[in-house]
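*Asks:* all I have is the shape, not the residue letters:
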């Protein structure tokens, strides 16, 4: 019982993967993928159930991931942009958009990812 009380105290301000999915319009499957890739690691994983919980501050990061993925940015590049400081992040985004604009007009755009 004491262990359950400690668990509740540790996860009191955290949200479930379903709540994060609802707030960001990302699927739980995508959120698990991003966690596995190190893009959005859960703040807490229950050792008994494996349930993932996220901090309220992770909602904004998840929304940024969704936005960059919707723009066709590969996951490795998303990680690079999000982990950079503001100045470097801006340069990386500018470089990405320049590359996208330079693509031949007949070339198909990257498929819009659901993950």
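*Replies:* Received, thanks. These figures come from a predicted structure and were not determined experimentally.
*Asks:* may I have the phi/psi pair for the nearest residue to residue 26 once chain neighbours are set aside?
*Replies:* Leaving aside its sequence neighbours, residue 26 sits nearest to residue 66 (CB to CB, 6 or more residues apart in numbering; 5.4 Å). Glycine gets a C-beta too; all of them are placed from N, C-alpha and C. When read as degrees, to the nearest 10, the backbone of residue 66 gives phi -60, psi -40.
*Asks:* let's see the pLDDT reported for the spatially closest residue to residue 15 that is not a sequence neighbour.
*Replies:* If the residues on either side of it in the chain are set aside, residue 15 comes closest to residue 54, at 5.4 Å by CB to CB, 6+ apart. Per-residue pLDDT puts residue 54 at 97.
*Asks:* quick one: contacts for residue 54?
*Replies:* Counting by CB atoms under 8 Å, 6 or more residues apart in numbering, residue 54 makes contact with 14-17, 19-20, 40, 42-43, 62.
*Asks:* ok, now residue 79?
*Replies:* So residue 79 contacts 37-39 (CB under 8 Å, 6+ apart).
*Asks:* most neighbours among those, which one?
*Replies:* Per-residue neighbour counts (other CB atoms under 10 Å) across these peak at residue 39, which has 20 neighbours.
*Asks:* what about residue 42, which SS state?
*Replies:* Classification of residue 42 using DSSP: H, G, I helix; E, B strand; the rest coil returns coil.
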